[in-house]
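# model this:
(3 chains)
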Amino acid sequence: MLLEIKNLCLSFGGLKATNDVSIAMEEGKVYALIGPNGAGKTTFFNLISGVYKPDSGTITFDGQRLDGKRPYQVNEAGIARTYQVINLFKKMTVLDNVKVGMHTKLKSGFIQSMFHTKSQQAEEAAIIDKAMDLLAFVGLKNHMNDLAGDLSYGQQRLLEIVRAMASEPKLILLDEPAAGMNSTEKVELNVLIRKILARGITVLLVEHDMKLVMNIADHIFVLNHGQKLAEGSPLEIQNNPKVIEAYLGGGAKK
Amino acid sequence: MKSLAKKQNNKLITSIAVAAILLLLPIILSVTGNSYSILVLGFIIIYIIAVSGLDVNFGYCGQISMGHAAYYCIGAYGSVMLHHYFGIPVIITMILASILAAVLGAIVAFPASKLVFHFLSLSTIAFAEIVYTLVLNSPGKITGNAVGMFTDPINIFGYTLRSNTAFYYFGLVVCAVFLLVKWFLVKSKIGRAWIAIRENEDAAEGMGVNVVKYKVMAFAFSAFYTGFAGAMYAHLVNYIGPDTFTMKQSVMFITMMLFGGTGSILGPIIGSMFILLMTESLRVLEQYQMLVFGVILLAVVLAFPGGILGVVKDVIKKIKLKKGGVKNVVRN
Amino acid sequence: MLFQVIVSGFVIGCVYGLIALGYSLIYKASGLMNFAQGDVLTLGCFLGYTFYTLLGLPYWLSLIITAAIAFFFGMGEERFIIRKLQNKNVLTVYVVLATISIQYILQNSIQAIWGPNMLSYPRVFPWNNVTIFGVNIQTESVFCIIMSFILMMLLQVFMNHTKFGTAMRASALDAKAAKACGINPSFATGVTWGIAAALAATAGILLGPIYGVFIMLGQTIGRKGFAAAIMGGYGNVIGAIVGGVLLGLIETMSAAYWSSTYKDMIAYGLLLIFLYVKPTGIFNEKALNR
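Predicted coordinates:
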């Protein structure tokens, strides 16, 4: 198992935002997390990525306990994420955004950087190639010297994904990657996720767009009221009466 | 390719010209009989170092310190007192005192760096007030309290920097080293992490940046710079008193930094020169100095957040667009 | 002696509380810190002096006019500077920096208008002292304490039991949702800044007859009010008052029984200690991020 979550709980005040959720994920697959609005999907994401600390339960990733770790430690461990709202470093260039994504992979410390040592220079030169390769991967290479804030919305979404990939994660968490995208862009996103998978990165995405999810996911988890309602293949989920009821009962979403 | 070589050539010529002017400046000034100006040059260098440090903290890492006078003070008093009471050679005391400033800076920054950002600006004010009160009312009068302390000029390997001109050349070298180190740092992984924190703390943390560590690092680093500048100040004028280290000094640093342009190497240089020359030439207005600083700060924040440097950059960009607009279209 | 010390601790403590309240209100409404808060107190002190002493208006009228002017000052500050910056989407540090520059402009404008010398109010009440438990206490001190508590209670009632107060709290919690309910969040935010400024100015006019009228009066109080807000729990309304009174008492006690030289250091030291040990304050306010 790449990621194993057992009996995860978190409450805000009296509200149980995540209630006894257990999931397990294998390497090399696309997973999706769905559920009606307010089901606790983003909270769950924030628990995995270390933004929130769970009240109880365990998160084991690649043999390492991650519950209670800070976000930067989660990233170091090999889980990278994107954000629902675009969270780029707007006044930095596209290239520098990707370089920040590589932060944990760089060995030079304060002293090496301060004195601009040979090893630090070599390292900096090497990551430019890597960053360019990643940017080419999503077709942003021509924009590498533009400010991230000047990119179009769709490009910013792509940059978010690339920035997360820069840390060479084993697992990438995509928080509503298709939000605000038109249908052509969604098709491209579909292709991109396949390409990410082909690079050996496992994918977990939160998404509202059912068409995309059913198309791409190997395995789906359904959350409702902070609890796991069901899990299974897209076909199983589509035919699960509990899931259908949750979606129709709690404010229908197409 | 040709144009690139030409560009580099131009850069080389400009830097040689700048270096020549900087080296000859004291000679020109002493020929014109204006020796006070050489002292002012020394002050400008000191401010450039202090403000460059502050800029790492604010311009790159996005943290406001309203009390950097405290580190200026610790650098100055630390160096003077270590020299006075323990007889340690001045240049070593300067480094020790700056390290002390950095350590104390880290201690002040640590708790606040985990909290809402404006907590830091208030804890820095609180710390600055504590330092000032202690210097003014030290137990056993070890700081000389209101009277202050006299001290010796800098001595490097037996050569004493007695004249302002000698100090100027020393300062020039020190300043170049400090600016170079800042340049290396901000262009490295460390600098990128700082900017990332300024732009978006949550995302920076999500990308694997240990935000608290890097914030404290930026603060300590900037305290070191300002501390060293304080020590330079002490051994330039050979006297220190508590009046130099009030809130006014902190505000002056901030005004210089914002006026010049934040998050850059050149900004603090321009800002320090301009504001210092302004205060020197407007001595009449000394009573209203804080008003002037306040108005400048507000104007910068409201109208041109990039400072002078930002304005210049915008103008150049516009000219380039007009000139190179056609070319760019063809190339794309 | 002890009783008198406690009373003067309460006087300054109430003032810290009023300032801290202003911080809390503004923090809840805009997520910001207004550094000019303390200097609005100075402004209030000088305005009150002008109306009461120079123009000869009755004390209560001077108080009302001063509070009203400060109210509009706070609203204007929010409307013309703070919101302009926020609409431009600048980094939040710049907005706070703007309040810092307003602080210095205010401080020095006051000095330019009224001069650098310390002024003093004539007596406000016909009788000098009131006797409580056989101890003589300055009437103005008693008045300051009583007025502060009345103001705090009025504010509580206003925020929790009036329609407008509810609107203000709603806008602070979620501006978009408030808008959907027909509340004008930007107006509510402006009023919040206005109230914060009015509180500070009132504190100034209450404190004037006791402490005298001088330029740096507000700056120190402004900072200590922040220390008080942290001690109570930043953003917590009750915490602001408790923190204020507590700080006032500690400070006055230590000045009386230990050393007045280091009096100011105590507040700042407490601020730093609280940030290390208990940044959520006595009332464990979770408004702090993380």
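# How many residues are close by A:Lys99?
24 (other C-beta atoms under 10 Å in any protein chain shown). C-beta coordinates here come from the backbone N, C-alpha and C atoms, glycine included.
# Can you point out the buried residues in stretch C:262-272?
Along stretch C:262-272, these residues count as buried under the neighbour rule (16 or more other C-beta atoms under 10 Å in any protein chain shown): C:Lys263, C:Asp264, C:Met265, C:Ile266, C:Ala267, C:Tyr268, C:Gly269, C:Leu270, C:Leu271, C:Leu272.
# now stretch C:53-68
When burial is assessed from 16+ other C-beta under 10 Å, stretch C:53-68 yields the following buried residues: C:Thr53, C:Leu57, C:Tyr59, C:Ser62, C:Leu63, C:Ile64, C:Ile65, C:Thr66, C:Ala67.
# I figured the first one hits C:Arg123, correct?
No. Checked against C-beta atoms under 8 Å, the pair C:Thr53 and C:Arg123 is beyond contact range at 10.9 Å.
# Residues of the stretch 201-332 of chain B that sit close to chain C?
Near chain C, the residues belonging to the stretch 201-332 of chain B are B:251, B:254, B:258, B:287-288, B:290-291, B:293-298, B:301-302, B:305 when assessed by C-beta under 8 Å from any C-beta of the partner chain.
# I'd say B:Met290 and B:Ser250 touch.
No. Contact between B:Met290 and B:Ser250 fails when scored by C-beta under 8 Å: they sit 11.2 Å apart.
# Which parts of chain B are helices?
For chain B, the helices identified by DSSP state H occupy B:2-31, B:35-55, B:69-86, B:90-112, B:118-136, B:164-186, B:189-199, B:201-206, B:211-237, B:247-260, B:266-281, B:289-302, B:307-331, in order along the chain.
# Any idea which residue is closest to the centre of chain A?
In chain A, the C-alpha closest to the average C-alpha coordinate belongs to A:Leu173, at a distance of 1.7 Å (C-alpha atoms, centre = their mean).
# ok, the most centrally placed residue in chain B to B:Ser65 distance?
Within chain B, one residue has its C-alpha closest to the average C-alpha position: by C-alpha atoms, centre = their mean, that is B:Val51, at 1.8 Å. Distance, B:Val51 to B:Ser65, by C-beta to C-beta, to the nearest Å: 12 Å.
# quick one on the thing from earlier: who does the residue nearest to the centre of chain A bridge with?
Beta-bridge pairing of A:Leu173, defined through DSSP bridges, involves A:Arg81, A:Leu204.
# Check the contact between it and A:Ile48; I expect there is one.
Yes. A:Leu173 lies in contact with A:Ile48 (C-beta under 8 Å); the separation is 6.5 Å.
# which residues are in contact with both of the two?
Shared contacts of A:Leu173 and A:Ile48, defined by C-beta atoms under 8 Å, 6 or more residues apart in numbering or on different chains, comprise A:Ile79, A:Leu204.
# contacting residues around B:Glu201?
Taking C-beta under 8 Å, 6+ apart, we find B:Glu201 in contact with B:Val211.
# mind checking pLDDT for it?
Among the per-residue scores, B:Glu201 shows a pLDDT of 91.
# And for A:Gly251?
For A:Gly251, the model assigns a pLDDT of 47.
# Kindly report the same for the one 3 residues further on.
According to the model's per-residue confidence, A:Lys254 sits at a pLDDT of 40.
# A:Pro36 and chain C: what is the separation?
A:Pro36 sits 19 Å away from chain C, taking C-beta to the nearest C-beta, to the nearest Å as the criterion.
# Which of the three states applies to that residue?
Counting by DSSP: H, G, I helix; E, B strand; the rest coil, the backbone at A:Pro36 sits in coil.
# Go ahead and confirm it touches A:Val243.
No. Contact criterion C-beta under 8 Å: A:Pro36 and A:Val243 do not qualify, at 9.8 Å.
# Compare B:Met290 and B:Ser250 (neighbour count), which wins?
When B:Met290 and B:Ser250 are compared on other C-beta under 10 Å, the one with more neighbours turns out to be B:Ser250, at 23 against 20.
# Quick one: residues contacting the more buried one.
For B:Ser250, the contacting residues are B:Ser65, B:Met66, B:Gly67, B:His68, B:Ala69, B:Ala70, B:Ile125, B:Ala128, by C-beta under 8 Å, 6+ apart.
# for A:Asn240, same thing?
By C-beta under 8 Å, 6+ apart, the contact set of A:Asn240 is A:Val222, A:Ala230, A:Gly232.
# most neighbours, which of those?
With neighbours taken as other C-beta under 10 Å, the top of these is A:Val222, carrying 23 neighbours.
# Would you verify that it is located in a strand?
Yes. In this structure, A:Val222 lies within a strand as judged by three-state DSSP.
# Can you give me the distance of it to A:Val206?
For A:Val222, the distance to A:Val206 under the criterion C-beta to C-beta works out to 12 Å.
# between those two, what contacts are shared?
Going by C-beta under 8 Å, 6+ apart, residues that sit against A:Val222 and also against A:Val206 are A:Ile34.
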